[in-house]
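>>> Need a 3D model of the sequence below.
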Amino acid sequence: MANQVATSLYNKLANEFELRQAHSSGVTDTILSGLRKQAFDNFKAKGFPSIKEEDWRFTSLVPFLDTDYSLSGYPAAENMIAEAVRKALIPSLNGYRIVLLNGSIHAGLSLLPPPEMATIVPVKDIIHTEAYKEQLASFTKTEGNTLTALNSAFFSDGFYLEIKKDAVVDKPLEFIHIYTSVENVFFQPRHLVVVNRNAKAEMVETSITLHDRKLV
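Numbering: from 1, shown residues only. From the prediction side, this is the model:
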């Protein structure tokens, strides 16, 4: 780590990554495992960004780095989740709705656009495809962006959205992110949006925590 001393969060992430690598040592998808290791090595080389870097000179992450974070979510009652979605909806928007529970698509509460306009699938369903690994490799090679590298190392789910060529999505896409942890939590979902040539879509996002905790 060139830019900082080890912090509570850094140490926890380093230990967690070693455990995940050990558990995946027998898996057949060595390409994905290698990309994750390369990404985490890129993160370790510089650590979290500091105010000494031009892109971060007005934003210090120091207040967050010594907090004890959980690295996973907690279950919540469906009625609590549905009520949170109801409160988050923008009145009179009349859009499509993509509900994400701790980073994963909640199909039962989502209202997706028709497939001829857009494809929206969970990342966990396509993570082992060659096309997605090519996308991941391109992010892994991003120089200097250590938070992108960290995300590449840790994500397990998220959404992949592709707006089809020449498609005009007829209503806004409203993304509602809901987090259920009862502890401070460090989530790393991977969301990827691809808008093809001559395609158009409007997107809005809302994030909600069911409990008053830090979310990073």
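>>> list the helices and strands the helix-or-strand element of the chain with minimal mean pLDDT packs on?
Ranked by mean pLDDT, DSSP states H and E, the helix or strand of the chain with the weakest confidence is helix 130-140, at a mean of 77. Helices and strands touching helix 130-140, by 3 or more CB pairs under 8 Å, 6 or more residues apart in numbering; DSSP states H and E, are helix 30-46, helix 146-154. Just so you know, the C-beta spots here come from the backbone N, C-alpha and C atoms, and that holds for glycine as well.
>>> Please work out which of those helices is packed deepest.
Mean neighbour count (mean count of other CB atoms under 10 Å) peaks for helix 146-154 among the helices and strands packed on helix 130-140, with a mean of 21.
>>> How about the spatially most central residue of the chain: what's its closest non-neighbour residue?
Central residue of the chain (CA atoms, centre = their mean): residue 189, 2.2 Å from the mean position. Leaving aside its chain neighbours, residue 189 sits nearest to residue 103 (2.9 Å; criterion: CB to CB, 6 or more residues apart in numbering).
>>> doesn't residue 187 make contact with that neighbour?
Yes - using CB atoms under 8 Å, residue 103 makes contact with residue 187 at a distance of 5.6 Å.
>>> Mind jotting down where the strands sit in this structure?
Assigned by DSSP state E, the strands in the chain fall at 96-101, 104-105, 118-122, 159-163, 173-179, 192-195, 203-209.
>>> As CSV, those with mean neighbour count would be great.
Output for the strands of the chain, formatted as CSV (neighbours: other CB atoms under 10 Å):
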stretch, mean neighbour count
strand 96-101, 22
strand 104-105, 20
strand 118-122, 17
strand 159-163, 20
strand 173-179, 22
strand 192-195, 15
strand 203-209, 14
